[in-house]
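Peer 1: Below is the structure, and that's it, no one-letter string:
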């Protein structure tokens, strides 16, 4: 698995969707003729794409019922109603499915947090510390 990083300012994203680790994917590199599916000038963009890769082609777990009821359009998670949307908002549904894919794949979530950088990581640290403190009680 890997994205090849030929220079610090121009990381690339491989078909596998994560930064290249020679231990995981020996021989996969630009030097050996590997052709990346995307190239980025910013590391953050490459990380975000690497985070998104596992979600591409993934079965969408959330759907909207086309039949509204008095509360709006039912939101279905694998066929089971879990909520409502006031309007039939396909963009919100796409965002929900994207978030679902990220939280379902811890490595993707970690790559996205790495792409987000310092402040996001500080928030994660605060959440983790608070959860650990609550678990000690």
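Peer 2: Right, received. Where do you want to start? The structure presented is a predicted model; accordingly, all values stated were derived computationally and were not measured.
Peer 1: pretty sure residue 71 is touching residue 87, no?
Peer 2: No. Using Cβ atoms under 8 Å, residue 71 is not in contact with residue 87; the gap is 11.9 Å. Glycine gets a C-beta too; all of them are placed from N, C-alpha and C.
Peer 1: What are the buried residues along stretch 59-76?
Peer 2: 62, 64, 72, 73, 74, 75 (16 or more other Cβ atoms under 10 Å).
Peer 1: swap in stretch 122-131?
Peer 2: Residues of stretch 122-131 include none that count as buried (16+ other Cβ under 10 Å).
Peer 1: Check stretch 88-96 too.
Peer 2: Under 16+ other Cβ under 10 Å, the buried positions of stretch 88-96 are 93, 96.
Peer 1: what's the answer for stretch 104-119, then?
Peer 2: 105, 108, 109, 111, 112, 113, 114, 115, 116.
Peer 1: Please list the members of these that lie in helices.
Peer 2: Judged by DSSP state H, the buried residues of stretch 104-119 include 108, 109, 111, 112, 113, 114, 115, 116 as members of helices.
Peer 1: Surely residue 73 is in contact with residue 62?
Peer 2: No. Taking contacts as Cβ under 8 Å, residue 73 lies outside contact range of residue 62: 11.7 Å.
Peer 1: Which stretches in the protein count as helices?
Peer 2: 43-52, 90-104, 106-116, 118-136.
Peer 1: isn't residue 47 right up against residue 111?
Peer 2: Yes. Here residue 47 lies in contact with residue 111, judged by Cβ under 8 Å, at a distance of 5.0 Å.
Peer 1: now the residue lying farthest from the centre of the chain: how far from residue 86?
Peer 2: Ranked by distance from the centre of the chain (Cα atoms, centre = their mean), the top residue is residue 70, with 33.6 Å. Residue 70 is 11 Å from residue 86, where distance means Cβ to Cβ, to the nearest Å.
Peer 1: What of residue 57?
Peer 2: Using Cβ to Cβ, residue 57 is found at 30 Å from residue 86.
Peer 1: same question, residue 48
Peer 2: 30 Å.
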